[in-house]
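Asker: Next input, structure requested:
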Amino acid sequence: MTTPKMPRGAAARDKLLRAAAEELAETGELEVAAVSRRAGVSAGLPYRYFGTRSGLLIAVLDAFYQRMSDAAAMREYDAPTWADRERQRVRDWVTAAYADPLAPLVLGGLVGDAEVAAANTRHLHQMIEVGARNIAKAQRAGDLPADRDPEFLAAATLGGTNTLLSVALTRTERPPVDRLIAEAWTYLAGAVGLTT
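Answerer: Numbering: from 1, shown residues only. Coordinates of the predicted model:
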């Protein structure tokens, strides 16, 4: 059985995205000419697919959030309690961030223009919206105290967890991933009012 080939245009776009992510992770900068050199393509090709440097940076950002969504944020977990499901989500979120070379940059506040900042805000708001629905459902089921605003809780726990991760990922010596998972879960459980 042969693996289906990616269409030529999609393959070129994917190659540029990978090169841009590598360039950004290694240098902390995203210069279009450097991305072209790294990808081994003409200097103009990134502009054909992404329009501008900001367009390329947003595509890199979109790909990062898609990986994090697939790994944890948008996953459905099959466990008997909300706490069990969310403990697994925290484990997957932290593990994915530890493995992704762009996580320290994105979670630490990726530098870009207003267009890039708006794209980052859009992703965060999507995750807050999903988190708020998740928390509200747990409140209705009696798994969480119902006296707190689900959207505020989702925003606070996402922001707190990402800040915790940003600090850990940029330390000279990263703490062991299991320790950070335990720290993140302790924080989240306390924030939402879990008592056990």
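
Asker: residues of the longest helix anywhere in the chain that come out buried?
Answerer: Longest helix in the chain by number of residues (criterion: DSSP state H): helix 114-140. For helix 114-140, a neighbour-count test (16 or more other CB atoms under 10 Å) marks 116, 119-120, 123, 127-128, 131-132, 134-136, 138-139 as buried. Placement of C-beta: from N, CA and C, glycine included.

Asker: biggest separation within the residues you listed, which pair?
Answerer: Greatest spacing in these, by CB to CB: Val116 and Gln139 (34.6 Å).

Asker: How about residues contacting stretch 75-93?
Answerer: 68, 71-73, 134, 138, 141, 143-144, 161, 181, 184-185, 188-189, 194, 196 (CB atoms under 8 Å, 6 or more residues apart in numbering).

Asker: Can you give the distance of it from its chain's centre?
Answerer: 17 Å (CA atoms, centre = their mean, to the nearest Å).

Asker: That one - what's its average pLDDT?
Answerer: Mean per-residue pLDDT for stretch 75-93: 94.

Asker: Next: stretch 136-155.
Answerer: 94.

Asker: got the domain boundaries for this structure?
Answerer: 1-51, 57-192 (the TED database).

Asker: out of those, deepest packed?
Answerer: Compared across the domains of the chain, domain 57-192 shows the largest average neighbour count, a mean of 17 (mean count of other CB atoms under 10 Å).

Asker: Between the two ends of that one, how far is it?
Answerer: Terminal residues of domain 57-192 are spaced 34 Å apart (CA to CA, to the nearest Å).

Asker: Please apply the same query to stretch 144-153.
Answerer: With CA to CA, one end of stretch 144-153 sits 11 Å from the other.

Asker: Identify the residues contacting it?
Answerer: 82, 128-129, 131-133, 135-136, 138-140, 191-194.

Asker: tell me, which of the domains of the chain is the model least confident about?
Answerer: Checking each of these, the one with the poorest mean pLDDT is domain 1-51, at a mean of 88.

Asker: Return the distance of it from the chain's centre.
Answerer: The answer for domain 1-51 is 20 Å, by CA atoms, centre = their mean.

Asker: can you give me the helices in this structure?
Answerer: Assigned by DSSP H, the chain shows helices spanning 8-27, 32-39, 45-50, 53-68, 82-99, 103-107, 114-140, 150-169, 177-192.

Asker: The first one versus helix 32-39: what angle between them?
Answerer: Helix 8-27 and helix 32-39 meet at an angle of 110 degrees, taking axes from the mean of the first three to the mean of the last three CA atoms, to 10 degrees as the criterion.
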